[in-house]
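Colleague: This is the structure alone, sequence omitted:
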């Protein structure tokens, strides 16, 4: 049931308005502007019929007060005024009134204006509800988009990451090498590839078990990662092999990096269960100068690695 507040200091006018209003309304009454503000804040009517001229606080002042308070700012106010009081009408509109009805009241006009502004208020409230629902739907959509983008990022990361060591995988490293080759074609700055292999890794698995073998792989991966520059890349290339990409690095520079990493791995003690395990790495080094393709460059590093294995392992060999 919609609520209407009647504000008039003349009881006869209030009685007439009660009788003239046609509809299923809950009616409230105030006899001055101060009381109108109090009742409006307590009852939150859907419409206010406000006399302009009243003692204590007049209708225009009361309307201004209502407009300034969040709880009552949206309640439409129809002013009640005499036909000759044009100035009162203007003041009423300036204060925030939405319409006026002149005395003596015309029943059809009164009810038409009341219905119109009640319907307008209902429509505004419905639009506000729709707006809030739309905002909430947009927030949910943005949240779902964020979740979807996060899931896509996680899937992309998972697709490019070795699950055991946390290093980038073969697919990612292949893409990085191809990008570095494109940069080389523009800048002619060489880069190095270093292939590293854990010596006698099968013996580690056979002696200590595959869980310990996995721990060795994780530890070696971390030593390699910590020993590289920020711009360098390391990936698990397969099994116990790791491939390093060193941008803007020639063979001599790559040999120094590989030797440093070889020494760090050799000095590392890995603990698995009650066992202490130590392993070594053999490194094969090559540089890219634009005369080979990616597969050929990797085969060069692999060839150097093979020579290192033949020389007794735990060493660094350049192609």
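Modeller: Sure, I can see it. What you see is a predicted model; the values in this text were computed from it and never measured. Residues are numbered from 1 along each chain as shown.
Colleague: quick one: low-confidence parts of the stretch 51-200 of the chain?
Modeller: The model of the stretch 51-200 of the chain has pLDDT under 70 over residues 83-85.
Colleague: which residues in it form helices?
Modeller: 59-67, 86-95, 107-159, 170-187 (DSSP state H, counting those that start in this stretch).
Colleague: Turn those into a markdown table, including distance to residue 13 and mean neighbour count.
Modeller: Glycine gets a C-beta too; all of them are placed from N, C-alpha and C. Converted to a markdown table, the helices of the stretch 51-200 of the chain look like this (distance: least, CB to CB, whole Å; neighbours: other CB atoms under 10 Å):
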| stretch | distance to residue 13 | mean neighbour count |
| --- | --- | --- |
| helix 59-67 | 12 | 22 |
| helix 86-95 | 15 | 16 |
| helix 107-159 | 12 | 12 |
| helix 170-187 | 83 | 14 |
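Colleague: mind putting these in JSON lines, distance to residue 218 included?
Modeller: As requested, the helices of the stretch 51-200 of the chain are exported to JSON lines (distance: least, CB to CB, whole Å):
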{"stretch": "helix 59-67", "distance to residue 218": "69"}
{"stretch": "helix 86-95", "distance to residue 218": "75"}
{"stretch": "helix 107-159", "distance to residue 218": "17"}
{"stretch": "helix 170-187", "distance to residue 218": "17"}
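Colleague: pretty sure residue 33 contacts residue 5?
Modeller: No - in this structure residue 33 lies outside contact range of residue 5 using CB atoms under 8 Å: 11.7 Å.
Colleague: between the two, which one's more packed in?
Modeller: residue 33 (26 against 23; other CB atoms under 10 Å).
Colleague: residues in contact with the more buried one?
Modeller: Shown in contact with residue 33 (CB atoms under 8 Å, 6 or more residues apart in numbering): 7, 50, 54, 56, 57, 58, 59, 61, 62, 65.
Colleague: From residue 23, how far off is residue 270?
Modeller: Separation of residue 270 from residue 23 (CB to CB, to the nearest Å): 86 Å.
Colleague: Residue 256 now?
Modeller: Taking CB to CB, one finds residue 256 at 93 Å from residue 23.
Colleague: Please apply the same query to residue 259.
Modeller: On the measure of CB to CB, residue 259 and residue 23 end up 94 Å apart.
Colleague: Same question for residue 317.
Modeller: In terms of CB to CB, residue 317 sits 98 Å off from residue 23.
Colleague: and what of residue 169?
Modeller: Distance from residue 169 to residue 23, by CB to CB: 74 Å.
Colleague: higher neighbour count, those two?
Modeller: Taking neighbours as other CB under 10 Å, residue 169 and residue 23 compare with residue 169 leading, 19 against 11.
Colleague: I'd say that one and residue 158 touch.
Modeller: No - using CB under 8 Å, residue 169 is not in contact with residue 158, being 9.6 Å away.
Colleague: can you give me the strands in this protein?
Modeller: 2-7, 25-30, 47-51, 77-82, 99-103, 191-198, 233-238, 241-246, 270-272, 275-277, 281-288, 316-318 (DSSP state E).
Colleague: in the second one, what counts as buried?
Modeller: Right, the one you point to is strand 25-30. Judged by neighbour count (16 or more other CB atoms under 10 Å), strand 25-30 contains these buried residues: 25, 28, 29, 30.
Colleague: Ignoring the adjacent residues along the chain, who's closest to the second one?
Modeller: In space, not counting the residues next to it along the chain, residue 28 is nearest to residue 5; the distance is 4.7 Å by CB to CB, 6 or more residues apart in numbering.
Colleague: Please apply the same query to the last one.
Modeller: Across the structure, with CB to CB, 6+ apart as the measure, the residue nearest residue 30 apart from its sequence neighbours is residue 36 (4.1 Å).
Colleague: Quick one: residues contacting that neighbour.
Modeller: 5, 7, 30, 48, 50, 57, 59, 62, 66 are the contacts of residue 36 under CB under 8 Å, 6+ apart.
Colleague: Kindly provide the distance from it to residue 76.
Modeller: In terms of CB to CB, residue 36 sits 14 Å off from residue 76.
Colleague: same question, residue 59
Modeller: 14 Å.
Colleague: average model confidence for stretch 277-295?
Modeller: Per-residue pLDDT over stretch 277-295 has a mean of 95.
Colleague: Start at 35, not 1
Modeller: All right, first residue 35 from here; so that's stretch 311-329.
Colleague: Report the buried residues of that stretch.
Modeller: 311, 313, 314, 315, 316, 317, 318, 319, 320, 321, 322.
Colleague: out of the residues you listed, who's nearest residue 165?
Modeller: Taking CB to CB as the measure, residue 165 sits nearest to residue 322 out of the buried residues of stretch 311-329, at 59.6 Å.
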